[in-house]
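In: Predicted model follows, preceded by the sequence.
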Amino acid sequence: MPRILDGKVVRDQILLELRPRVAALPRRPGLAVVLVGDDPASAIYVRSKVKACEDLGLYSEKHAPPATTTTEELLALIHDLNQRPEIDGILVQMPLPRHVDAKKVLMAVTPEKDVDGFHPFNVGNLVSGNPGPRACTPSGIMELLRRNEIAVAGKKAVVVGRSDIVGKPMALLLLHAHATVTICHSKTADLAGECRRADILVAAIGRAGLIRRDFIKPGATVVDVGMNRLTTAEEVEAVFPGNEAKQAEFARKGSLLFGDVHPLEVDEAGAVTPVPGGVGPLTIAMLMANTVAAAEAHLGQG
Ligand code: GUN
């Protein structure tokens, strides 16, 4: 059976290392989180981000305009947050409602406060290998690999998914770490064949259980970024046939989190991240790291 890469252990290490850096600052780092509308998954993520700030002693404030908010109203909010000296980081939770011009909103966040690394200036820094904030989920995955001593240099890495939030920055970070990188997506011909060549397979396409046994090279490291929700007993039965424990968990919670990797088909992998408890905790840890780094830069420290 594969080694389980526990994201909570790495998260705790990262947060522990941040504590003395927070203590050395003359004031608390401040993070503003913008959550537009009432998407339940986004609301859960934002709650976890605010809680992580509290646990680490960071100041945070949440702005939750309604789903009907216009692009112009969001730009005004961000302009205001850009001006405030006690706010070091601004995070706009994605996705935004369809009528909002997301690119314009992300571009409005001043690059010094862009703790997600989503501003084109910081994307440019990533591409060029210049210092700057990196997108939290991919940089968390790099920490997970490094702290579990999983070699990247010279390895074949396959990233499934080409989003701006995960797939593209993930591929660049792996490339900078000297992997040979392939990016796959929904139109890739012979996806299973491409994946099967991977020493490191990162699944970030948002399709529940897409990665099956025949996608995985024996001994490969499999990183599952998927956060899909199973919402009916039939769906649970289809992926966990005859599994009473899973049905009971579903009945208790009303839904089950399910990654892009089928958890019952990874037995030949060398190492895998669980869902939940793998990549998710790392995203939040790296957001804290980016916020502390932004505060250090604003305060002329670090
Ligand atoms: N939505 C999903 N992941 C993320 C993330 O890392 N940052 C933001 N802002 N939104 C997200």
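Out: Thanks, I have the structure now. Predicted model only: the values in this text are computed from it and were never measured.

In: I'd say residue 156 and residue 201 touch.
Out: No: using Cβ atoms under 8 Å, residue 156 makes no contact with residue 201, being 9.3 Å away. Heads up, the C-betas are built off the backbone N, CA and C, glycines and all.

In: more neighbours, these two?
Out: Between residue 156 and residue 201, counted using other Cβ atoms under 10 Å, the more crowded position is residue 201 (27 against 16).

In: For this protein, give me the ranges with low pLDDT.
Out: In the predicted model of the chain, no residue satisfies pLDDT under 70.

In: residues from it in reach of the ligand?
Out: 91-94, 116, 136-137, 165, 283 (Cβ under 6 Å from any ligand atom).

In: a markdown table for those, including neighbour count?
Out: Compiled in a markdown table, the residues of the chain next to the ligand are given as follows (neighbours: other Cβ atoms under 10 Å):
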| residue | neighbour count |
| --- | --- |
| 91 | 23 |
| 92 | 24 |
| 93 | 20 |
| 94 | 17 |
| 116 | 25 |
| 136 | 26 |
| 137 | 25 |
| 165 | 20 |
| 283 | 26 |
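
In: any chance of those residues in CSV, with secondary structure too?
Out: Formatted as CSV, those follow (DSSP: H, G, I helix; E, B strand; the rest coil):
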residue, secondary structure
91, strand
92, strand
93, coil
94, coil
116, coil
136, helix
137, helix
165, coil
283, helix
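
In: of those, closest to the ligand?
Out: In terms of Cβ to the nearest ligand atom, no member of the residues of the chain next to the ligand lies closer to the ligand than residue 94, at 3.6 Å.

In: Excluding chain neighbours, what is closest to that closest one?
Out: Spatial nearest neighbour of residue 94, excluding adjacent residues (Cβ to Cβ, 6 or more residues apart in numbering): residue 165 at 6.2 Å.

In: for the stretch 151-300 of the chain, what spans make up the strands?
Out: Per DSSP state E, counting those that start in this stretch, the stretch 151-300 of the chain carries strands over the ranges 156-160, 180-184, 200-203, 221-224, 228-230, 256-258, 271-272.

In: Now render those strands as a markdown table, adding distance to residue 237.
Out: Output for the strands of the stretch 151-300 of the chain, formatted as a markdown table (distance: least, Cβ to Cβ, whole Å):
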| stretch | distance to residue 237 |
| --- | --- |
| strand 156-160 | 26 |
| strand 180-184 | 29 |
| strand 200-203 | 23 |
| strand 221-224 | 21 |
| strand 228-230 | 10 |
| strand 256-258 | 11 |
| strand 271-272 | 23 |
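
In: Okay, the residue in the chain sticking out farthest from the centre and the ligand: tell me how far apart.
Out: Farthest-out residue of the chain from its mean C-alpha position, per Cα atoms, centre = their mean: residue 242, at 32.0 Å. Using Cβ to the nearest ligand atom, to the nearest Å, we find residue 242 at a distance of 33 Å from the ligand.

In: what's the spacing between that residue and residue 74?
Out: Going from residue 242 to residue 74 by Cβ to Cβ, to the nearest Å gives 48 Å.

In: show me the contacts for the residue farthest from the centre of the chain.
Out: The contact partners of residue 242, by Cβ atoms under 8 Å, 6 or more residues apart in numbering, come to none.

In: Just to check, residue 34 is in contact with residue 94?
Out: No: contact criterion Cβ under 8 Å: residue 34 and residue 94 do not qualify, at 10.3 Å.

In: Contacts for stretch 180-200, please.
Out: Here stretch 180-200 has contacts from 145, 150, 152, 154-162, 167-168, 171, 174-175, 179, 201, 205, 211-212, 214-217, 219-221, 223, using Cβ under 8 Å, 6+ apart.

In: which residues touch the residue lying closest to residue 153 once chain neighbours are set aside?
Out: Spatial nearest neighbour of residue 153, excluding adjacent residues (Cβ to Cβ, 6+ apart): residue 178 at 3.9 Å. Listed by Cβ under 8 Å, 6+ apart, the contact set of residue 178 reads 152-154.

In: Over to residue 176?
Out: residue 129.

In: follow-up on the earlier one: and of the strands of the stretch 151-300 of the chain, who's closest to residue 127?
Out: Among the strands of the stretch 151-300 of the chain, the nearest to residue 127 by Cβ to Cβ is strand 180-184 (13.2 Å).

In: how close does the closest residue to residue 109 other than its chain neighbours sit to residue 12?
Out: Nearest residue to residue 109 in three dimensions, chain neighbours excluded: residue 90, at 4.9 Å (Cβ to Cβ, 6+ apart). For residue 90, the distance to residue 12 (Cβ to Cβ) stands at 26 Å.
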